[in-house]
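>>> Provided below are the primary sequence and the corresponding predicted coordinates.
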Amino acid sequence: MVLKVVDDTYFQYAYSDVVRAIDYGYAKGARIFSMSFGQDARTSATPTNKPSLDAAATAYRNLFNKYSNALFVAAAGNEWTSLEGWRSGNYTYSPCMIATDNTLCVGGTNVNDTIFYVFAFNQQAGTNFGPTTVDMGAPAHSIYTTDIAVNRNYSAPSGTSFATPMVAAVAGLVLSALGGTGRATPQTPLQIKNILMSSGDLLPSLNNQFKSARRLNAANAVAAALTLARTNRTTVVRELDGSTAAAVGAVTAMQAWEYIWYTGVYTDGAFDNFDPSFRFLDYYVRLSSNMQIGGMRYGGNTKLLVTSHMRVETTGMYGLQVIQSGITRDKWQMSIGENIMYFRWVNSTTGYIDLFFPDPGFYNITIWMYPDYATNLDFKWQSPTDPSYLNRNWFWILNFDSPPAPVNDPNVADKPALWHVAWNEDRQFDTWIYQYGYFQANKDIRRYRDWQTTVPDFNFATGADLRSGLYGTGTAMLNPANYVVYGYARTNLAPRAFSQGVAFRLRGPHTRLFINGQLVYDFQSTSVFQTVTPCVTLASNQSHEIYLYFAAMLNNTAPVGIQWANCSSPNQPAVLSTNYVSFSSALATKFFYSPNPNTVASLPRGFRCDAWAANGSITRPAPNNPPFGTPPNLTWMYPRDCPAGLKVGSECRMGTIMRDLFPSITWNFWNVRCWTYWSGSIKNGVSRAFNLPGVHYQTLAGARTYEITTTHPSAPASRPTSISSLCWTGWRLGRCGTALRRRLCGTVPITEILQTLIISSRPTAAA
């Protein structure tokens, strides 16, 4: 049926009329609604319009929830605008962006099977788009159709208003194949939506444009619906062809699940990570080969994403049972491949679904939920060869990232195989817990480290051994009262053949192990100081980057360390402690930077400085402010560009101020970054820099990196001492009448600082 909700101009309509029309259609038996209307996506998202936009979104949401067994197919619009901007600004483009399971947003494609775009009437036009907001595409360009309103004949107009009814029509066919309107339940719209989105033709040009990156395929959709109706089973979509980590090219693989937490206030139950009311909270890996989801680290006012890959070796029919506790079924959603799972609930805690896996390989599993501390989801599987519902060891985290290439290393000659250790000190331990503790401190890559050194092995039997290994002899800690050290130890494994998995034995009450950037294990205990990781599969014949973040007590037995052993079976770590050995014979020898002398000799002496005009007062800017890549307003070299009248010998005169160097510049505030090449890596022994004021951070081995800011013109200065391997430094300055200084209006001119840094960064022997 056709229901008119617009005025005679075809441009004005009231939301109340749309609601009345849907009420009428639903009462007459309609369960598929085509809605080809919406706001102007270019101009409507304004603070002035927001109250009316929010009111419309609420009205649609209530309506769609009221008719939960109907599917509402909505047009994405034709302003060639990303709807992601609407979402990030907390605006709703209605009805396309209504966050209910029975809303399907349709974008447009053209005759070339690419995204619909035209340039007409001196402006861009085409489908609106968004990888989280627009679900799928359908033809929207030059659609040959009757056109009574224009010439009472035929024409070929364009727009998502034509794509939408095509999808709605196929949705009606799918509904008929599933049993018709009489069998429509609240799960039916999701089933139809899933079939349409997963059965369409995958078009590379739609990647990152539409959620499914697919264009409607009516034949595939009806065939999938008939199969589902005949077998009552869902066919799931494979992600990776191959049922071993090596076959799919994984660099690191392990049997585990990733837990990613967000914190916020529950509103409409959107199952994604784009809700602006939620922000990232924590991330960790739970090492479990089966599908028991529980042991929640956080509770109320959180949202959780749990993900892994299911390895399928035998194709065919599988059964899945879920038993839930501490959560209701409207507070979680599970997907396999591109398919949302719709369970048949036999009671309030137990549900079932039958699945068809057409190909061997890895299938991505995603579970979104709003959990509490007591939440538990226990999934058990039937297989084609075993009808019993059991916990199955089929689940893997796959990481495809190789270790980064050596940084700034023009000379790849072999160097000693060592661990690089960077750390800080603290004087108490027991108050550091989870996100407020060493895990939080260590995972901050901008964390400034007071100390660094190299050691041939990172495994210490006693606190005295750890103190000696880090500080050597004759080097005192920052404070005699300190007895806690926390930081990271980093190295690279040399390329080798791995015929089986390896397990790692970690010592220390706080340890977090990364391999090639993939979190492998995090461990925290105040009573157990040693643990063994499950087996990890590593790609053969390539290097692997190891990061061990740690916190350790110098007065403990076995304070910190890492060793490894081959697994006794593909997934069984070695049991005997004597199996675990040092890394020393397996470390890469091309890790530390040893520059080519000819390269260093050709570089200009001194620092390159970039400056940007800054607005406002002297406050601590955000990290990387301005962002890297922003063209500077002013660039110069120290001491090369110092005017002759301001030089003393080859150096800039002490006390030189910015207005003398650049008399034509009238900025009140400056953002400044200076950088130089460093030569040499750290030698055996320990190096240390005093904790400079402001924001500081350090990056790779041998490269101490700073970002310096000031908070007030009267802030006192602090002079750095014994800084080695400086890479770059940045700070914000005010235009006061004294000298350009590390901290504004302090006591140490920048020229003296730069000379100090250059002197302390003289070439040294490679580590």
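It's in. In this text, all values refer to a predicted model and were calculated from it rather than measured experimentally.

>>> ramachandran angles for the closest residue to residue 130 other than its chain neighbours?
Leaving aside its sequence neighbours, residue 130 sits nearest to residue 83 (C-beta to C-beta, 6 or more residues apart in numbering; 3.9 Å). Yep, even glycine has a C-beta here, placed from its N, CA and C like the rest. Main-chain torsions, residue 83, degrees, to the nearest 10: phi -80, psi -10.

>>> neighbours of residue 83, how many?
27 (other C-beta atoms under 10 Å).

>>> from memory it sits against residue 131, does it?
No - Residue 83 lies out of contact with residue 131 (C-beta atoms under 8 Å); the separation is 9.7 Å.

>>> wait, a helix at residue 60?
Yes - Residue 60 forms part of a helix when assessed by DSSP: H, G, I helix; E, B strand; the rest coil.

>>> my read is that it contacts residue 98, right?
Yes - counting by C-beta under 8 Å, residue 98 is a contact partner of residue 60 at 4.8 Å.

>>> re earlier: can you name the residues that contact the residue nearest to residue 130?
Counting by C-beta atoms under 8 Å, 6 or more residues apart in numbering, residue 83 touches 41, 76, 77, 93, 96, 97, 128, 129, 130, 133, 134.

>>> okay, the first one: pLDDT?
According to the predicted model, the pLDDT of residue 41 comes to 93.

>>> pull the number of nearby residues for it.
Neighbour count for residue 41, taken as other C-beta under 10 Å: 23.

>>> next: residue 481.
The number of residues packed near residue 481 is 10, by other C-beta under 10 Å.

>>> low-confidence ranges, the stretch 651-767 of the chain, go.
654-658, 673-767 (pLDDT under 70).

>>> hmm, I typed the wrong one, I wanted the stretch 101-250 of the chain.
For the stretch 101-250 of the chain (pLDDT under 70), the answer is 121, 148-151, 230-233.

>>> check contacts around the residue lying farthest from the centre of the chain.
Distance from the C-alpha centroid of the chain, by C-alpha atoms, centre = their mean, peaks at residue 152 (53.8 Å). If you count contacts by C-beta under 8 Å, 6+ apart, residue 152 has none.

>>> check residue 127 too.
Counted by C-beta under 8 Å, 6+ apart, residue 127 has contacts 76-78, 80, 107-109, 115-117, 134, 137, 140, 160, 163.

>>> quick one: the helices in the stretch 151-300 of the chain?
160-177, 188-199, 218-231 (DSSP state H, counting those that start in this stretch).

>>> where do the strands sit along the stretch 201-350 of the chain?
201-202, 214-215, 234-235, 252-254, 257-263, 279-286, 292-293, 302-312, 316-325, 332-336, 339-340, 344-345, 350-357 (DSSP state E, counting those that start in this stretch).

>>> for the stretch 51-200 of the chain, same thing?
For the stretch 51-200 of the chain, the strands defined by DSSP E, counting those that start in this stretch occupy 71-75, 103-109, 117-120, 123-126, 136-139, 145-147, 153-155.

>>> dump the ones you listed to CSV, plus distance to residue 450 and mean neighbour count.
Below are the strands of the stretch 51-200 of the chain laid out as CSV (distance: least, C-beta to C-beta, whole Å; neighbours: other C-beta atoms under 10 Å):
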stretch, distance to residue 450, mean neighbour count
strand 71-75, 57, 28
strand 103-109, 52, 28
strand 117-120, 55, 12
strand 123-126, 54, 16
strand 136-139, 54, 27
strand 145-147, 72, 11
strand 153-155, 74, 11
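
>>> export those strands to JSON lines and tack on distance to residue 183?
Listed next are the strands of the stretch 51-200 of the chain as JSON lines, based on distance: least, C-beta to C-beta, whole Å:
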{"stretch": "strand 71-75", "distance to residue 183": "14"}
{"stretch": "strand 103-109", "distance to residue 183": "19"}
{"stretch": "strand 117-120", "distance to residue 183": "40"}
{"stretch": "strand 123-126", "distance to residue 183": "38"}
{"stretch": "strand 136-139", "distance to residue 183": "24"}
{"stretch": "strand 145-147", "distance to residue 183": "32"}
{"stretch": "strand 153-155", "distance to residue 183": "38"}
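
>>> which stretch among those approaches residue 394 most closely?
strand 136-139 (29.7 Å; C-beta to C-beta).

>>> residues in contact with the closest one?
Against strand 136-139 from outside (C-beta under 8 Å, 6+ apart): 104, 106-111, 115-116, 127, 162-164, 166-167, 196-197, 200, 203, 206, 209-212, 214-216.

>>> hang on, the earlier thing: of the contacts of residue 83, which pair is most distant in space?
Greatest spatial distance in the contacts of residue 83: 97 and 129, 12.4 Å, computed using C-beta to C-beta.

>>> more neighbours, those two?
Taking neighbours as other C-beta under 10 Å, residue 97 and residue 129 compare with residue 129 leading, 25 against 22.

>>> who's that one bridged to?
For residue 129, the beta-bridge partners are residue 82 (DSSP bridges).

>>> how near is it to residue 106?
Residue 129 sits 11 Å away from residue 106, taking C-beta to C-beta, to the nearest Å as the criterion.

>>> got it, and residue 347?
Counting by C-beta to C-beta, the separation of residue 347 from residue 106 is 37 Å.

>>> what is the neighbour count of the residue lying closest to residue 57 once chain neighbours are set aside?
Nearest residue to residue 57, sequence neighbours excluded (C-beta to C-beta, 6+ apart): residue 92, at 3.8 Å. Residue 92 is flanked by 23 other residues according to other C-beta under 10 Å.

>>> ok, which stretches of the stretch 551-700 of the chain are strands?
Using DSSP E, counting those that start in this stretch, strands in the stretch 551-700 of the chain cover 557-566, 607-614, 634-638, 647-648, 651-652, 669-675, 686-688.

>>> and those strands, which is most packed in?
When the strands of the stretch 551-700 of the chain are scored by mean count of other C-beta atoms under 10 Å, the highest mean neighbour count falls to strand 651-652 (a mean of 22).

>>> tell me the pLDDT of the closest residue to residue 250 other than its chain neighbours.
Excluding its sequence neighbours, the residue lying closest to residue 250 (C-beta to C-beta, 6+ apart) is residue 398, at 4.2 Å. Per-residue confidence (pLDDT) for residue 398: 91.

>>> how close does residue 398 get to residue 516?
12 Å.

>>> overlap in contacts, these two.
Counting by C-beta under 8 Å, 6+ apart, the residues touching both residue 398 and residue 516 are residue 252.

>>> residue 370: neighbouring residues, count only.
21.

>>> count the residues that sit near the nearest residue to it once chain neighbours are set aside.
Nearest non-adjacent residue to residue 370, counting by C-beta to C-beta, 6+ apart: residue 331, 4.5 Å away. For residue 331, the neighbour count with other C-beta under 10 Å is 18.
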